[in-house]
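Peer 1: no sequence on this one, just coordinates:
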Ligand SMILES: NC(=O)c1ccc[n+]([C@@H]2O[C@H](COP(=O)([O-])OP(=O)(O)OC[C@H]3O[C@@H](n4cnc5c(N)ncnc54)[C@H](OP(=O)(O)O)[C@@H]3O)[C@@H](O)[C@H]2O)c1
């Protein structure tokens, strides 16, 4: 997404924990770019970054809460409890921390878009991915609340629920991923949805149909369909 918006000449503020990755990316982008190496669990750090960005470049047109983590989790394993906490904190509270410092200024400007990256995994509970599915379901509901709250201000909220995208997050998956997209293709679709001020969009559209069907399936049929579903690898938890 950074590359997509940089190619359009946008001024960017980038956030991730790995400062060196941000440095390398910023150097590649032919646009003005501010980088903030921080953890989205740290609301004070995000507030400082947002104040710095707005002091230098003004109120942003678009704020995208995209930071997210995914690992397989099973409730029966004691060591996965920490993983549940981290996934919920990063994927849900990280989104709140990302938007919060911009809202007063965007409300005053009376325009702009807040964009949250959810997932099709948030539509129904996926076995072996309880933390991730729960975090994305929470993100979808949170973003819907925010959308209604912000509507009178002129600030729009877009929820994007992607299917599978070829990124480091999915590189560990050993199972078949239907409608897998390249990141640049997905980014262009995300940007179009943001530009068109979509409220909720599943990307790609084929996954949209799948999500629609997933919502309709009764619990007993879902249980049957998921009985043999592949699980996301649990891996190690060093990344916490
Ligand atoms: N790939 C897919 O198929 C897919 C499908 C549906 C939804 N999504 C969602 O799309 C978003 C991006 O995923 P991706 O596929 O690009 O995953 P990724 O390749 O693993 O990238 C995740 C990004 O989030 C950043 N991040 C993770 N934890 C963070 C934290 N605590 N603080 C700050 N930054 C953090 C990472 O940078 P650092 O590690 O340097 O912090 C990295 O830039 C996520 O919300 C994911 O859930 C992805």
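Peer 2: Happy to help now that I have it. Predicted, not measured: the structure shown is a model, and the values here were computed from it.

Peer 1: Any residue of stretch 182-193 touching the ligand?
Peer 2: No. Stretch 182-193 is not in contact with the ligand by Cβ under 6 Å from any ligand atom; minimum separation 6.9 Å. Any C-beta I mention is one placed from the backbone N, CA and C, and that applies to glycine too.

Peer 1: Counting neighbours, which bits of that stretch end up buried?
Peer 2: Buried residues in stretch 182-193, counting neighbours by 16 or more other Cβ atoms under 10 Å, are found at 186-187, 189-191, 193.

Peer 1: and those residues as CSV, adding secondary structure and pLDDT?
Peer 2: Shown next, in CSV, are the buried residues of stretch 182-193 (DSSP: H, G, I helix; E, B strand; the rest coil; pLDDT from 0 to 100):
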residue, secondary structure, pLDDT
186, helix, 98
187, helix, 98
189, helix, 98
190, helix, 98
191, helix, 98
193, helix, 98
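
Peer 1: Nearest to residue 25 among the residues you listed?
Peer 2: The nearest member of these to residue 25, counting by Cβ to Cβ, is residue 187 at 13.3 Å.

Peer 1: Helix, strand, or coil at residue 142?
Peer 2: The three-state label given to residue 142 by DSSP: H, G, I helix; E, B strand; the rest coil is helix.

Peer 1: show me the contacts for residue 110.
Peer 2: By Cβ atoms under 8 Å, 6 or more residues apart in numbering, residue 110 lies in contact with 153-155.

Peer 1: Among those, name the buried ones.
Peer 2: residue 155.

Peer 1: Which single one of the contacts of residue 110 is nearest to the ligand?
Peer 2: residue 155 (21.0 Å; Cβ to the nearest ligand atom).

Peer 1: what's the pLDDT at the closest one?
Peer 2: With respect to pLDDT, residue 155 scores 98.

Peer 1: Next: residue 35.
Peer 2: Among the per-residue scores, residue 35 shows a pLDDT of 98.

Peer 1: Which residues belonging to the helix or strand hosting it are considered buried?
Peer 2: Element membership for residue 35 (DSSP states H and E) is strand 33-37. The neighbour-count check on strand 33-37 (16+ other Cβ under 10 Å) flags 33-37 as buried.

Peer 1: returning to what we had before: just put the contacts of residue 110 in JSON lines and tack on distance to the ligand and secondary structure.
Peer 2: Shown next, in JSON lines, are these (distance: Cβ to the nearest ligand atom, whole Å; DSSP: H, G, I helix; E, B strand; the rest coil):
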{"residue": "153", "distance to the ligand": "25", "secondary structure": "helix"}
{"residue": "154", "distance to the ligand": "26", "secondary structure": "coil"}
{"residue": "155", "distance to the ligand": "21", "secondary structure": "coil"}
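
Peer 1: Looking at the contacts of residue 110, which is nearest residue 1?
Peer 2: The shortest approach to residue 1 among the contacts of residue 110 belongs to residue 155, at 19.3 Å (Cβ to Cβ).

Peer 1: Please look at that closest one and residue 107 and confirm they touch.
Peer 2: Yes. Residue 155 is within contact range of residue 107, at 6.1 Å (criterion: Cβ atoms under 8 Å).

Peer 1: Give me the nearest residue to residue 84, chain neighbours excluded.
Peer 2: Nearest non-adjacent residue to residue 84, counting by Cβ to Cβ, 6 or more residues apart in numbering: residue 131, 4.5 Å away.

Peer 1: Do you know the pLDDT at the one you found?
Peer 2: For residue 131, pLDDT reads 97.

Peer 1: Name the residues that touch the helix or strand containing residue 56?
Peer 2: Taking DSSP H and E as the criterion, residue 56 maps to helix 43-57. Residues outside helix 43-57 that contact it (Cβ under 8 Å, 6+ apart) are 11, 13, 15, 32, 34, 36, 38-40, 60, 93, 96-98, 100-102, 105.
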